[in-house]
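K.L.:
Sequence unavailable; structure follows:
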């Protein structure tokens, strides 16, 4: 007989195993425990129970360990975390055989959304303290993640206005269908006798009585007159009923129209308040964004990643579809988390905005943004020497100089254009050439025969031209290529490896807190690798 090791369920121990023996020395659960115990949760604003009556509550430290370990191990749902606390040995060890339910875990998250952001900041500070953040080269980028919102439960401005416009036709169509179905139902029962006359004997009796009545009336002329009067009265009553039915139908139509108009106007008011063309009735902070080939309700998740160890040094969520207005906001978050500015920050074309580039320049941030190829050029322009970027701007005199003739393009007016993506009004200054009539370059310089060449100067134009000059430098071009290698792998880990493709919470505040948890987990994985080699320094 072979020697086999079999399960012995009757094994008894004189002394039980120590809890510390349940997980290995290098297990992630030990690292999570050490990290949380090094934090001052009261300072971060975690809520504690003040009453002494009733059953003891779970401490914030214990519940935070569960959430962090869950996100570390790709367990995101509070129900799945509850199950894991009973089934997974590392979590049983981490909770010391305490089993909070999913409601307790969810309430902890909801009540401490602001404090969870502080935990993320702490992960950045620990990385900085352990020389894992270089602050030399960083990259900023955003990704769209689907909201917990079904597109069917949304309202669209375009559809509502169309409904109001065609309301009369729609109501008429609805009532026409109702009348048609009513007539069909009447026709189905048109040949059936009343229940009383369905009995043969009863039917014969009724017919006999009616015939006798007719014979009597035929013999008596007075009775004939009475019968004719009755018939007339009956016809009049029937016509009255028909007219009253028509009135009732018209009244119903009017009341339906009023009710629909009232509801549509309320929804349009909600759209106006939210300053959007599409609004979800459940998650009112989510916005329609392009997600691959489709348009879905999403949130735009932002990160700033340091090149040295790919630590996420800045994180946030916005409701805006594009990244144009997020540059300085993300740079400020990064500075708040690390305490210093990076030597250089890279960004793609999505972050191109004259206003934000100017703002970043004023605040002392060195930014390198990929400028769209169309900047400074004119579509369909024959001569490149007459592109906008060839006209020199004189800041003191506030005018542009023509590169061919040296003529001045003087300030004409401040024009306002509406930004289609963000529904904001944008002001720009217009400079017009007054000596265009005698200019020999008129045909290749200007599209309009009624006025001279117009140059539009947008806010932050000077900062845009500085970026154009920066990108002429080969070193800067090479650095900008490294942006993809710094930030995009992080989104790959989060979305493909960690399966974060849809938010589990609703509302900007909750979604932002979840994103901070996701980014904390990414940083903790980096810190864990360092922790395996040597103890970490916690400031």
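P.N.:
Thanks, I have the structure now. The shown structure was predicted, so the numbers you read here are calculated from the model rather than taken from an experiment.

K.L.:
So residue 279 lies in a strand, does it not?
P.N.:
Yes. Counting by DSSP: H, G, I helix; E, B strand; the rest coil, residue 279 is part of a strand.

K.L.:
and it, how many neighbours?
P.N.:
By other Cβ atoms under 10 Å, 23 other residues sit near residue 279. (Glycine included, C-beta is placed from N, CA and C.)

K.L.:
so what's it bridging to?
P.N.:
residue 155 (DSSP bridges).

K.L.:
ok, now which ones touch it?
P.N.:
Shown in contact with residue 279 (Cβ atoms under 8 Å, 6 or more residues apart in numbering): 154-155, 267, 270-271.

K.L.:
and of those residues, the nearest to residue 315?
P.N.:
residue 154 (27.4 Å; Cβ to Cβ).

K.L.:
Now that the closest one has come up, it's in contact with residue 281, right?
P.N.:
Yes. In this structure residue 154 lies within contact range of residue 281 using Cβ atoms under 8 Å: 6.7 Å.

K.L.:
Which one's more surrounded, the two?
P.N.:
More neighbours surround residue 154 than the other of residue 154 and residue 281, with 17 against 12 (other Cβ under 10 Å).

K.L.:
I'd like to know which of the contacts of residue 279 are buried.
P.N.:
When the contacts of residue 279 are checked for burial by 16 or more other Cβ atoms under 10 Å, the buried set is 154-155, 267, 271.

K.L.:
Any chance of those residues in a markdown table with distance to residue 251 and pLDDT as columns?
P.N.:
Shown next, in a markdown table, are those (distance: Cβ to Cβ, whole Å; pLDDT from 0 to 100):
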| residue | distance to residue 251 | pLDDT |
| --- | --- | --- |
| 154 | 33 | 78 |
| 155 | 28 | 74 |
| 267 | 25 | 73 |
| 271 | 31 | 73 |
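
K.L.:
if we can go back for a sec, let's have the contacts of residue 279 in CSV, adding distance to residue 426.
P.N.:
Below are the contacts of residue 279 laid out as CSV (distance: Cβ to Cβ, whole Å):
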residue, distance to residue 426
154, 27
155, 27
267, 28
270, 26
271, 22
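
K.L.:
With respect to residue 14, which of these is nearest?
P.N.:
residue 154 (65.4 Å).

K.L.:
What's the separation between the closest residue to that closest one other than its chain neighbours and residue 299?
P.N.:
Nearest residue to residue 154, sequence neighbours excluded (Cβ to Cβ, 6 or more residues apart in numbering): residue 280, at 4.7 Å. For residue 280, the distance to residue 299 (Cβ to Cβ, to the nearest Å) stands at 12 Å.

K.L.:
Have a look at these two and say which one is more surrounded.
P.N.:
residue 299 (28 against 23).

K.L.:
OK, contacts around the more buried one?
P.N.:
144-145, 147, 285-287, 317-319, 503, 508, 511.

K.L.:
so of those residues, which ones are in helices?
P.N.:
508, 511 (DSSP state H).

K.L.:
Name the SS class of residue 414, please.
P.N.:
strand.

K.L.:
State the distance from the residue nearest to residue 154 to residue 511.
P.N.:
13 Å.

K.L.:
again with residue 23
P.N.:
Distance from residue 23 to residue 511, by Cβ to Cβ: 33 Å.

K.L.:
what about the two, which has more around it?
P.N.:
residue 511 (25 against 18).

K.L.:
Isn't that one up against residue 503?
P.N.:
Yes. Counting by Cβ under 8 Å, residue 511 touches residue 503, with 5.0 Å between them.

K.L.:
any common contacting residues for these two?
P.N.:
With Cβ under 8 Å, 6+ apart as the test, residue 511 and residue 503 both reach 147, 299.

K.L.:
how does this structure divide into domains?
P.N.:
As recorded under automatic domain parsing, the domains making up the chain are 19-49+56-111, 138-146+287-370+471-514, 155-185+198-280, 384-459.

K.L.:
so which of those domains comes closest to residue 533?
P.N.:
Short answer: domain 19-49+56-111, nearest of those by Cβ to Cβ, at 10.3 Å.

K.L.:
and that closest one, how far apart are its ends?
P.N.:
31 Å (Cα to Cα, to the nearest Å).

K.L.:
For it, the averaged confidence score.
P.N.:
The pLDDT scores in domain 19-49+56-111 average 94.

K.L.:
Could you do stretch 304-320 as well?
P.N.:
96.

K.L.:
ok, now stretch 518-528?
P.N.:
97.
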